[in-house]
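S.K.: need the 3D shape of this:
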Amino acid sequence: MSKFKSTKLFDGYSTCFRQWKAEGTHCKYLHGYAVSFRVWFEGELDERNWVWDFGGMKRAKSQIHGMSPKAYFDYLLDHTTIISKDDPYLDNFQKMHADGIIQLRILESTGCERFAEYLYKIINDFLKEETNGRVKAIKVEVYEHERNSASYEE
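M.R.: Numbering: from 1, shown residues only. As a prediction, this is how the structure comes out:
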């Protein structure tokens, strides 16, 4: 059985994070990027001869954490500060969030590699439901900018 592939780039996100365990590098400091990510879709063609509708994240019936995928990606990445759940200054970031200084998002860990893994997993859960298993993501690549990226695939 042959499989078709397509890709979609999601961009326009201003995201701030830090990798607190990155001693000896400037990545331990809070810093931001114009984050984007690309998803590689694979599956059989639908009745329109598409693997995945490039606008399908806006028109989806299924949701990610109670939101449309596009709204969730905005919630997660657009003008947000992402902090690892084990960051020793998490309480400070939570106070800044409560005071309206930042929009805090807490994940297991930070960095492009972990963001790629996280997005891969939530997008695949979404695709399985949305397409009844017809389409899956085979790779997610997260870009800090045009020169640095990391990807995740199983």
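
S.K.: list the buried ones in the helix or strand bottoming out on mean pLDDT in the chain?
M.R.: Least confident helix or strand, the chain: helix 56-59 with a mean of 88, by mean pLDDT, DSSP states H and E. Going by neighbour count (16 or more other CB atoms under 10 Å), the buried part of helix 56-59 is 56-57. For the C-beta atoms, the positions are set from N, CA and C on the backbone; glycine is no exception.

S.K.: so for the following helix or strand past that helix, what's the average pLDDT?
M.R.: For helix 56-59, the following helix or strand on the C-terminal side (DSSP states H and E) is helix 69-77. The pLDDT scores in helix 69-77 average 96.

S.K.: packing partners of helix 69-77?
M.R.: strand 4-17, helix 56-59, helix 112-130 (3 or more CB pairs under 8 Å, 6 or more residues apart in numbering; DSSP states H and E).

S.K.: try 6 Å
M.R.: If contacts are counted by 3 or more CB pairs under 6 Å, 6 or more residues apart in numbering; DSSP states H and E, helix 69-77 sits against strand 4-17, helix 56-59.

S.K.: tell me which of these lies nearest to Phe126.
M.R.: Phe126 lies closest, by CB to CB, to one member of those: helix 56-59, at 8.6 Å.

S.K.: residues contacting that closest one, please?
M.R.: Identification of contacts with helix 56-59 by CB atoms under 6 Å, 6 or more residues apart in numbering yields 69-70.

S.K.: gap between the least confident helix or strand of the chain and the chain center?
M.R.: Helix 56-59 has its C-alpha centroid displaced from the chain centroid by 15 Å (CA atoms, centre = their mean, to the nearest Å).

S.K.: just stretch 132-143 next, same as before
M.R.: From the chain centre to the centre of stretch 132-143 is a distance of 11 Å (CA atoms, centre = their mean).

S.K.: which non-adjacent residue is nearest the residue sitting nearest the centre point of the chain?
M.R.: Central residue of the chain (CA atoms, centre = their mean): Leu119, 4.0 Å from the mean position. By the measure of CB to CB, 6 or more residues apart in numbering, the closest residue to Leu119 outside its immediate chain neighbours is Val140, 4.8 Å from it.

S.K.: secondary structure class for that neighbour?
M.R.: Under DSSP: H, G, I helix; E, B strand; the rest coil, Val140 falls in the strand class.

S.K.: and Ser36, by the same measure?
M.R.: At Ser36 the chain is in strand, as set by three-state DSSP.
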